[in-house]
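# predicted coordinates and the sequence they were generated for:
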Amino acid sequence: MNIRELTIETALKRMRAGALSATELILSALENIEKYNKIYNVLLTVVDKESLLGEAKKIETSGYDKPLAGIPIVLKDLFSTKGIRTTAGSKVLKSYVPSYDATVVKKLREAGAIVIGKANQDAFAHGSTGENSDFGSTSSAYDVKYVAGGSSSGSAVAVALGMCLASTGTDTGGSVRVPASFNNLVGLKPTYGRVSRYGIIAMASSLDSVGHMTKTVYDNALLLSVTAGIDPYDATTGLQRVPDYLASLSSLKSLKGITIGVSPEYLVVGKKVTDGMNPILEKQTEEALAVFTSLGATIKEIDLPHTKDALETYYVLCPSEVSSNLGRYDGIRYGKGRDAFGLEARRRIMIGTYALSAGYYDAYYTTAQKVRSIVCQEFEKAFESVDIVFAPVSPSPSSIVGELVDDPMSLYLSDIYTVPVNLAGLAALSLPAGFVGNLPVGIQIIGKQWSEDRLYAIASSYEKKTEWYKKGPIL
Amino acid sequence: MKYTPIIGLEVHVELSTKSKMFCSCPSDYFGKKPNSQCCPVCLGLPGALPVPNKKAIEQTILFGLSVGCGIAEESKFDRKNYFYPDLPKGYQISQYDEPLAFNGTLVIARSESASDAAPLSGASPRQMAGTRNDKQIRIRRVHLEEDTGKLSHMTIGGKNVACIDFNRSGVPLMEIVSEPDFRSIDEVDQYVRKIQQIIRYLGISGADMEKGSMRIEPSISILPASPEQQRGEPISNTTNTTNIEIKLPDYRVEIKNINSFRFVRKALEYEILRQTALLESGVAIDQETRGYSETKNATVSQRGKEDAMDYRYFPEPDIPPMSFAQTQISKLKAQIGELPDQKYERFKSDYGLSDQDSRQLIETIERAEFFEKCVHSAKGLLSSKEIANYLINQKTDTKTQTPIEIIVRIQGSKTFVPVSTEIILEVIHKNLAENSKAVADFKSGKEQVKMFLFGNILKELKGQGDKKKIMELLVLKLSTS
């Protein structure tokens, strides 16, 4: 048995049937960690074997009733874990051990999940390739020469390589969806306020959302039913009822009656090439769209004209909040001084500080807030006539490690399809959409706020038809 | 040349809510073991998030309403970014452009040395009806923020170190910002004491300067006085001076965090002298921030204009904006009891007290209540004025004495026509016999009954006899009957 061949759904089924134990599951995960962690640079901290096996034993004796009983998970290293080092991928926090668990960590533990380790990431989540980690870049599970995608890089690769069955990530401008799509996974960027941010080291507080990556849509829905909901420790969590996500998976017989919006700003359907997009990736994306139509959905062209402005807006608002959120690492606490900040963090602190300065605030921050409102309104208007919006995740597949490190501008530009969703606080799900060579690519379906159940229902139909998740990495 | 000081005030008050502004740690930090009352939120640990304290918001609105402020229908918190070791997040959560309350006023007695000074341009001068000596200080805004940690500089093991105590970090701090309407130190003093009094009446803070729960930051500049003032002439009452507008000086000196009334006065006195000397010698005064040094009895420059902070305010993304319905505000308004000014007027009209007596008795809500209890207990045996005089002159300790004891004491201190013990006892007996229900009530613990019987007996004796002795005998008979 290799955990890599399992999903949460199949693992739980086997454990509940007595055909598999939590201990076996943990041992298999540890074996994969032992084998691949050095090569792919996935986990920054692995919980010691003794205590993992202790946790597994506990589950075995108490039974597998809990929703995630005995499921090994990996947390992005932004998630505060009591007693387990939490670095945010930055040297600044190299030796920081939190005194408390993030709300999501607490919830996952209470649901029976076993935290096996903490995943590498772009430092403070600044990046979309994983190369900005102060602890070295993480490689794609599908080709070690290529980047994993970021910023939740280690989280994605850990699932793909069988170091766990699910992982958490944060998505501020695509940081769950991009690495998920580069590693053939289902990645959730939930509605802003759906999942508590308490205890998760902030990048840009008004954009951060707490998601996760799994192999299948079922696993993804299962995880959200554990993590979603109001948190008295996070004033920005929404009062909205948490629907039964697992029940929603079988709520659609077909996609008949579902209208999918496609905007030329994201994808020009047909022979014409979408500006700035890799042509093979475009072909895969259009084929994925065709799957939806084959299931009965209708396509409607919509207009999201401020998409490019959204990108610029993002790169004003995000660094502004970053510059404030990173202020606390002033060298007095946490053991390391400001000189420990990496280049990208410095860049964002500088940009953000500038944008918020007296005399520039109106031109940058205020203008950006206005554009943000417009982006929200455009999506709202689009959702009047469509159920979901279909879009690529990234304009190109994974790049070779080191290729784009010195070109921050083109890296920023690659976030164009993901950041508008964060600006508008919407829900989005990235789904596997095939391969360009050996490299996986993904598509995303975007829904209005609080529509995760709807996204899961539609994604479930798509997944049944495509079953891309079955194609694991060649190791 | 003579100068008029132009002073504005920022008053910081720590609210005495049970928990801190953004977490559930206790906010009462005074005298507690350092760093014993903190959590990830008030330590600013990575990932921690603020959840605002509803009670603190309501208390700030209560104060705002008490000084005639408008209450924001929409308000929000903002981040004020700056670096200081006692500020663990690198920013303070405060309010920038949408304070909870704004445009209030506080009435004090005018006290301008030479004569009236004019209000500033843009002022809306509103004299209190008929009272020439009342002056309105405009309150620009009242907002809510969080207190910082506390730094202590000490020597440990021969090394000079700075220690940070985060017990204070995150305690709700209400900031009251006045317009630069003060023209004398005396006015400043009156205003600050009155703010303190209102806050104590509302019960939202001890506003104790010694404990640091009230801190004051004056801003001061000086202006050459008007020609009349230069000549030392009082401006005649017929001149409507309030409509003359003056131009603010082009600088102001802010004095940080003063924690006693005495030091406010001393710091301002020093600044007036310093600034006068500078202007006299033809030196332009720089905009700057200064601190008051108790040991030097002087203000010391901390930060010049060039080093002025750019706080890079922006809306706090971790806290959703707030909105207040009119009904909510009305409900809060209904909670406000009688405020010092109202009590002062009522004491004058209800009890016929002088300005002076009324002011003294309403100084604290406890004192005012004690006075009213005494008046009630006296049941007409003593005039309000007699009670007021006694309470004011004897510096009565209201904690250890009951109103009844006070009444008896006042009665006992009056001159009287002697009456024999036999007659007194006779009257007492008669009264106890006629009022068996009252006697029973007394036995079941109703102290008040004693005053009722005492009153009857005094009436029967036509006010004659030693009141103290009468009471003693009454109590004796009551307890043995």
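Alright, I've got the coordinates.

# quick one: pLDDT of B:Ala118?
B:Ala118 is assigned a pLDDT of 42 by the prediction.

# next one: the helix or strand containing A:Leu27 to chain centre, how far?
A:Leu27 is part of helix A:22-40 when elements are defined by DSSP states H and E. The chain centre lies 22 Å from the centre of helix A:22-40; the measure is CA atoms, centre = their mean, to the nearest Å.

# helices and strands around that helix, which ones?
The helices and strands touching helix A:22-40, judged by 3 or more CB pairs under 8 Å, 6 or more residues apart in numbering or on different chains; DSSP states H and E, are helix A:8-16, strand A:43-46, helix A:49-62, strand A:72-76, strand A:114-119. For the C-beta atoms, the positions are set from N, CA and C on the backbone; glycine is no exception.

# distance to chain B and mean neighbour count for the ones you listed - can I get that in CSV?
Supplementary listing: these in CSV, determined by distance: least, CB to the nearest CB, whole Å; neighbours: other CB atoms under 10 Å in any protein chain shown:
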stretch, distance to chain B, mean neighbour count
helix A:8-16, 26, 19
strand A:43-46, 15, 22
helix A:49-62, 23, 15
strand A:72-76, 12, 31
strand A:114-119, 13, 28
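
# turn those into TSV, including mean pLDDT and distance to A:Ser181.
Shown next, in TSV, are the helices and strands packed on helix A:22-40 (pLDDT from 0 to 100; distance: least, CB to CB, whole Å):
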stretch	mean pLDDT	distance to A:Ser181
helix A:8-16	98	20
strand A:43-46	98	21
helix A:49-62	97	30
strand A:72-76	98	16
strand A:114-119	98	17
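
# so which residue is smack in the middle of the chain?
Picking chain A for this. A:Val176 (1.4 Å; CA atoms, centre = their mean).

# switch to chain B, please.
Among the residues of chain B, B:Gln196 comes closest to the average C-alpha position under CA atoms, centre = their mean, at 1.2 Å.

# from the chain's centre, how far out does the host helix or strand of that one sit?
Using DSSP H and E, the element containing B:Gln196 is helix B:185-202. The gap between where helix B:185-202 is centred and where its chain is centred comes out at 4 Å by CA atoms, centre = their mean.

# got it, and stretch A:258-271?
Using CA atoms, centre = their mean, the offset of stretch A:258-271 from its chain centre is 23 Å.

# hmm, who's touching that stretch?
Outside stretch A:258-271, the residues that touch it by CB atoms under 8 Å, 6 or more residues apart in numbering or on different chains are A:252, A:274-275, A:277, A:282, A:285-286, A:289, A:292, A:296-305, A:307-308, A:382-383, A:385-392, A:417, A:445, A:458.

# excluding chain neighbours, what is closest to the residue in the stretch 51-200 of chain B that chain A sits nearest to?
Ranking the residues of the stretch 51-200 of chain B by distance to chain A (CB to the nearest CB) places B:Gly90 first, at 2.2 Å. The shortest distance from B:Gly90 to any non-neighbouring residue, by CB to CB, 6 or more residues apart in numbering or on different chains, is to A:Gly327 (2.2 Å).

# sorry, back to before: the helix holding B:Gln196 packs against which elements?
strand B:3-14, helix B:54-66, strand B:101-109, strand B:134-146, strand B:214-224, helix B:261-280, helix B:340-351.

# list the contacts for residue 27?
All of this is about chain A. A:Leu53 are the contacts of A:Leu27 under CB under 8 Å, 6+ apart.

# try again with chain B
B:Ser27 makes contacts with B:14-21, B:170-172, as judged by CB under 8 Å, 6+ apart.

# hang on, the earlier thing: now the helices and strands packed on helix A:22-40 as CSV including distance to B:Asn456?
Below are those laid out as CSV (distance: least, CB to CB, whole Å):
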stretch, distance to B:Asn456
helix A:8-16, 87
strand A:43-46, 86
helix A:49-62, 78
strand A:72-76, 82
strand A:114-119, 81
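
# how about B:Val427, what does it touch?
B:457, B:460-461 are the contacts of B:Val427 under CB under 8 Å, 6+ apart.

# look up how far B:Glu10 lies from it.
In this view, B:Val427 and B:Glu10 are 64 Å apart by CB to CB, to the nearest Å.

# pretty sure A:Ser320 contacts A:Thr366?
No: using CB atoms under 8 Å, A:Ser320 is not in contact with A:Thr366; the gap is 10.8 Å.

# ok so, going back, what's the neighbour count on the residue nearest to B:Gly90?
Burial of A:Gly327 is recorded as 21 neighbouring residues (other CB atoms under 10 Å in any protein chain shown).

# give me phi/psi at it?
Main-chain torsions, A:Gly327, degrees, to the nearest 10: phi -60, psi -30.
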